[in-house]
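Engineer: okay, predicted coordinates and the sequence, questions at the end:
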Amino acid sequence: MLNIRNVRMEDLSELVVIENLCFTEQEAATEEAFKKRIEMIPDSFFVAEEEGVIVGLVNGPVVEAEYITDDLFSDIKANPVSGGHQSILGLAVSPHYQKSGAATALLTYLERDARSKNRETITLTCKENLIPFYENRGFLKKGVSSSEHGGATWFNMIKKLK
């Protein structure tokens, strides 16, 4: 049974492993970036566990702008109590748990939390191959992102919550 909960600092080493299995070295969040996110935004950083083992994660700060900018990968502030746009900087599931519904469960959990805090949208960037995954979960493609993160081409995806 999948259990989703807020992140804890003792999750750090498992999170780094999953992140590096799912993203290239240039794209993956570093241990330092994760430490900062756990300290600054534990209220919008969730992990999925299966029998006590972390199998996935979703995280991102609440931001004022509708689209993600590259500075968010290094410069994070605490989330406002309500309003704003819930960003997703990372959604990652261990390769042997992919296609199990864990990513969708994490997105659903994050969305429920964002709605309860009156967020306007959920905003993220993804690579072209993941556009159908997000569209099937109610996100709209909003063109190519200005992000140059990891040297890849990213697409803006937004899900309106209001």
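Structural biologist: Nice, I can see it. Residues are numbered from 1 along each chain as shown.
Engineer: need the three-state assignment for I76.
Structural biologist: Classification of I76 by DSSP: H, G, I helix; E, B strand; the rest coil places it in coil.
Engineer: my guess is it contacts P42. True?
Structural biologist: No. The pair I76 / P42 is not scored as a contact, 11.4 Å apart, by CB atoms under 8 Å. Glycine gets a C-beta too; all of them are placed from N, C-alpha and C.
Engineer: who's more crowded, the two?
Structural biologist: I76 (20 against 16; other CB atoms under 10 Å).
Engineer: who's in contact with the more buried one?
Structural biologist: With contacts taken as CB atoms under 8 Å, 6 or more residues apart in numbering, I76 has the following neighbours: K36, R37, M40, I41, P61.
Engineer: chain neighbours aside, what residue packs nearest to P95?
Structural biologist: L21 (5.7 Å; CB to CB, 6 or more residues apart in numbering).
Engineer: ok so, going back, reformat the contacts of I76 as CSV; add pLDDT.
Structural biologist: Listed next are these as CSV, based on pLDDT from 0 to 100:
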residue, pLDDT
K36, 95
R37, 95
M40, 96
I41, 97
P61, 95
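Engineer: all helices of the protein, in order?
Structural biologist: Remark: helices assigned in the chain by DSSP state H are 12-22, 31-40, 102-116, 131-135.
Engineer: wait, which of those helices is closest to S82?
Structural biologist: helix 102-116 (9.1 Å; CB to CB).
Engineer: what does the closest one contact?
Structural biologist: The contact list for helix 102-116, computed with CB under 8 Å, 6+ apart, reads 2, 4, 43-44, 46, 48, 50, 55-58, 86, 88, 91, 93, 122, 133, 137, 159, 161.
Engineer: what subset of the residues you listed is buried?
Structural biologist: 2, 4, 44, 46, 48, 55-58, 86, 88, 91, 93, 122, 159, 161 (16 or more other CB atoms under 10 Å).
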